[in-house]
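Student: Quick check, what structure comes out for this input:
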Amino acid sequence: MKPIVYQVFTRLFGNKNATNKEWGTLAENGCGKMNDFDIPTLRRIKDLGVTHIWYTGVIRHATATDYSKYGIPRQHPEVVKGIAGSPYAICDYYDIDPDIAVDVNNRMGEWEALIERTHKVGLKVVMDFVPNHVAREYHSICKPQEIRDLGEDDNSEWHFCTQNNYYYCWGQPLDLSDVCTEHNYQEIPAKATGNDRFFNRPSKNDWYETVKLNYGIDYCDAGGRSEHFDPIPDTWHKMTHILLFWAKKGVDAFRCDMAEMVPAAFWAWATDKVKFVYPEVKFIGEVYNPAEYRNYIRAGFDWLYDKVGMYDCIRDVVCGKRPASAITYEWQATDDIRDHMLYFLENHDEQRLASDFFAGDARKGIPALIANALMLPNPFMLYAGQEYGERGMDKEGFSGRDGRTTIFDYWCVDSIRHGYYQRRKLTKEEKEIEQKYKKILKLVNKEKALREGEFYDLMYVNQHIGNQQYAFLRKADKEVILVVVNFSPRMATIDLTIPRHAFEHLHGTPSEVVSVSLLNKDKRKMFIYPDMAIPLVIPALSAIVYKSVLP
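Tutor: Numbering: from 1, shown residues only. Have a look, this model is predicted:
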């Protein structure tokens with residue numbers, strides 16, 4: 001199976017409260033729950049062609065909402081972003097976020113039940129692992145009895161020590177004057193901030209609500225950055241235990257936040273230990289430096305974000321800033337690790353395709369979807385609401401109107417609410433976008449050639465179409481699928497050449513065949529011979545996907 005990952009922001013997904021008050025509280029705006037992912041909802045997600053569901057924001061994180069009556073420590077609002085808080089400011093790695101539980105006291109039971117339901121419908125479970133930083137007021141109330149808490153045994157008089165879990169600023173208090181005008185939160189000495197800020201005065205643009213975890217790297221050594229991995233740093237043991245804790249509960253994959261900010265040596269050590277016990281568990285790495293891709297794959301990562309390569313390229317093609325032929329360079333740059341590259345067009349960090357800051361129209365994302373999903377056997381990811389053309393143009397509170405769906409506020413995403421819980425309210429355009437996503441994504445694992453077949457890029461002999469069209473072949477056994485994607489808002493009429501080398505490479509026999517369109521079931525007679533031009537008409541903002549059986 002080709003993995004198709006569906007990311008949901010758990011707190012938002014099932015929220016049916018349409019109040020959407022800017023800076024609204026939990027009581028005012030409501031919150032989605034784990035129980036909202038019932039069997040029918042999970043089946044609808046699977047029916048998109050999805051194989052994995054990534055539940056974002058499940059582990060308990062810092063929030064301004066008061067859960068102290070449940071024995072959960074309150075968090076100081078000055079070190080919480082937004083009212084709901086960032087899901088990447090973890091305050092207890094062994095706990096489930098109370099926001100997403102119907103019965104707060106049974107929040108772990110509800111998560112275990114959700115894992116069971118997800119598996120029951122045939123989907124695999126992905127959850128976040130946030131290894132680089134934690135909330136400033138991290139304190140585990142749910143850790144196993146034998147586990148020492150992060151920072152519990154630290155010597156705060158040391159800036160750096162391999163057995164410390166944090167970095168400290170030599171007795172200097174935390175100074176939040178660049179974050180808020182009035183600040184009462186006290187932290188003495190200040191801990192280093194999560195985005196590698198090793199001083200006591202973070203700015204509002206820093207990850208000031210988090211503190212950096214120490215994996216044995218001294219970033220302020222007199223000689224520069226130095227590594228100290230022998231003996232094994234204490235943080236390595238604690239974080240590996242956390243991974244094993246969740247894997248034991250049935251989690252199938254971990255999406256590892258900012259994985260490249262944690263040394264590859266740790267990942268090699270930790271993934272080896274996890275996969276020894278749970279060999280099927282996958283690791284998905286958020287790594288943005290292409291020069292480090294292979295290091296992190298060798299360290300045990302199964303899939304890596306292809307952000308600065310394929311995502312940035314496809315975005316530019318959609319927006320008319322690069323020719324479609326530029327896609328060729330991006331897959332070639334990672335061809336030796338192609339099965340490890342995770343393609344996507346949206347996630348919680350990126351702007352929505354349909355937003356004013358990106359394409360401005362969900363239909364413009366359809367050719368990008370076809371190209372990314374059908375090109376190679378590597379995994380593809382989409383973000384909940386993308387299949388309905390969610391625009392992300394709300395002004396929610398801490399998250400302003402920036403083309404993204406908030407991860408800091410309590411909110412209801414109307415396109416998701418309509419698509420999964422009030423379908424009668426879906427617009428005609430939303431229904432059309434959904435049907436296109438479903439048709440394209442279900443093709444991926446239905447057709448062997450698309451699921452696992454060989455790939456052949458046709459652009460080097462078809463440079464005349466390279467501005468707004470992109471063409472390639474996929475082949476498995478005797479089945480060949482021709483895909484020509486049209487990024488233009490106008491219908492394209494082209495002559496396409498399949499070179500002799502393609503037949504040799506794919507072990508195909510030139511012939512006259514009847515080709516079937518996999519998008520609309522039309523049939524046409526096609527003469528597939530070396531270096532012979534094939535006249536084709538490609539619909540606007542769409543593609544042709546023709547399947548042929550060669551003799």
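Student: Bridged to Leu213, which residues?
Tutor: Tyr166 (DSSP bridges).
Student: Give me the helix or strand of this protein that scores worst on average pLDDT.
Tutor: Least confident helix or strand, the chain: strand 523-528 with a mean of 88, by mean pLDDT, DSSP states H and E.
Student: Adjacent strands (with direction) for the helix or strand just after that one?
Tutor: As assigned by DSSP states H and E, the chain's next helix or strand after strand 523-528 is strand 533-538. Using DSSP bridges, strand 533-538 pairs in its sheet with strand 492-497 (antiparallel).
Student: And the strands in the stretch 151-300 of the chain, which stretches?
Tutor: 210-212, 217-218, 226-227, 253-256, 282-285 (DSSP state E, counting those that start in this stretch).
Student: Out of those, flag the one nearest Ala384.
Tutor: strand 253-256 (14.4 Å; C-beta to C-beta). Any C-beta I mention is one placed from the backbone N, CA and C, and that applies to glycine too.
Student: mean confidence score for the closest one?
Tutor: What strand 253-256 shows for mean pLDDT is 98.
Student: what's the answer for stretch 213-220, then?
Tutor: 95.
Student: Stretch 457-473 now?
Tutor: When pLDDT is averaged along stretch 457-473, the result is 96.
Student: outside of that stretch, which residues touch it?
Tutor: Here stretch 457-473 makes contact (C-beta atoms under 8 Å, 6 or more residues apart in numbering) with 317, 323-325, 327-328, 331, 371, 375, 455-456, 480-488, 492, 494-499, 502, 506, 538.
Student: now stretch 520-540
Tutor: 469, 480, 484-486, 488-500, 502-503, 508, 510-517, 544, 546, 548, 550.
Student: Just the terminal-to-terminal distance for that stretch.
Tutor: End-to-end span of stretch 520-540 (C-alpha to C-alpha, to the nearest Å): 15 Å.
Student: show me the contacts for Phe37.
Tutor: Contacts of Phe37 (C-beta under 8 Å, 6+ apart): Val8, Phe13, Gly14, Leu114, Arg117, Thr118.
Student: Tell me where the stretch 301-450 of the chain has helices.
Tutor: For the stretch 301-450 of the chain, the helices defined by DSSP state H, counting those that start in this stretch cover 312-318, 326-333, 366-374, 414-420, 428-446, 448-452.
Student: So what touches the first one?
Tutor: Yep, that's helix 312-318 we're talking about. 322-324, 326-327, 329-330, 345, 353, 358-359, 364-365, 367-368, 371-372, 470, 487.
Student: Which of these are buried? Put it as a ChimeraX command.
Tutor: Selection of buried members from the contacts of helix 312-318 for ChimeraX, criterion 16 or more other C-beta atoms under 10 Å:
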select :322,323,324,326,327,330,345,353,358,359,364,365,367,368,371,372,470,487
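Student: returning to what we had before: show only the entries of the contacts of stretch 520-540 found in helices.
Tutor: Counting by DSSP state H, the part of the contacts of stretch 520-540 found in helices is Arg500, Ala502, Phe503.
Student: Can you read off the pLDDT for the second one?
Tutor: Among the per-residue scores, Ala502 shows a pLDDT of 93.
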